[in-house]
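**Student:** Give me a model of this one.
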Amino acid sequence: MAQRTVFCIKLQKELPGLDEPPFDTELGKKIYENISQQAWQSWTEFCKMLLNEYRLNPARREDQEVIVKQMEQYFFGEGAALPKEYVPPVQK
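**Tutor:** Predicted structure coming up:
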């Protein structure tokens with residue numbers, strides 16, 4: 001079976017797409033149709049940083065709303081902003 005591809009609007013090229021929508025929402029469908037596996041992986045790494053820096057708890061509705069807004073910005077907006085206090089890890 002051929003792998004599904006999408007024109008990834010985040011990375012601006014044709015790449016393998018996600019196997020299924022990440023959520024059962026309109027945003028999940030939009031991500032499925034427009035975002036590649038590679039861009040999704042980048043988001044998951046970025047999201048980990050957001051969770052740690054802002055001390056977000058994905059189980060809390062308020063924090064879920066912050067994460068969804070950041071996700072929309074990351075993929076479809078100007079890009080999510082790094083927290084002001086964020087210091088990238090030192091490369092070894």
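
**Student:** quick one, what contacts the most centrally placed residue in the chain?
**Tutor:** For the chain, the residue nearest the mean C-alpha position is Trp43 (3.2 Å; Cα atoms, centre = their mean). By Cβ atoms under 8 Å, 6 or more residues apart in numbering, the residues touching Trp43 are Ile35, Met71, Tyr74, Phe75. C-betas here are computed from N, CA, C, even on glycine.

**Student:** out of those, which is most surrounded?
**Tutor:** Each of these was scored for neighbours by other Cβ atoms under 10 Å, and Ile35 scores highest at 25 neighbours.

**Student:** Next, it: phi, psi?
**Tutor:** Here is the backbone geometry of Ile35 (degrees, to the nearest 10): phi -120, psi 140.

**Student:** Contacts only, for it.
**Tutor:** By Cβ under 8 Å, 6+ apart, the neighbours of Ile35 are Val6, Cys8, Ile9, Lys10, Gly17, Leu18, Trp43, Phe75.

**Student:** Filter these down to the ones in strands?
**Tutor:** Judged by DSSP state E, the contacts of Ile35 include Val6, Cys8 as members of strands.

**Student:** which among the contacts of Ile35 gets closest to Glu62?
**Tutor:** Relative to Glu62, the closest of the contacts of Ile35 is Trp43; by Cβ to Cβ it sits at 20.3 Å.

**Student:** can you tell me the helix or strand for Lys84?
**Tutor:** If you go by DSSP states H and E, Lys84 is not part of any helix or strand.

**Student:** same thing with Cys47?
**Tutor:** Short version, using DSSP H and E: Cys47 is in helix 37-53.

**Student:** I'd like the average pLDDT over that helix.
**Tutor:** Averaging pLDDT along helix 37-53 gives 94.

**Student:** In that helix, which residues are buried?
**Tutor:** In terms of neighbour count (16 or more other Cβ atoms under 10 Å), helix 37-53 has its buried residues at Gln37, Ala39, Trp40, Ser42, Trp43, Phe46, Cys47, Leu50.
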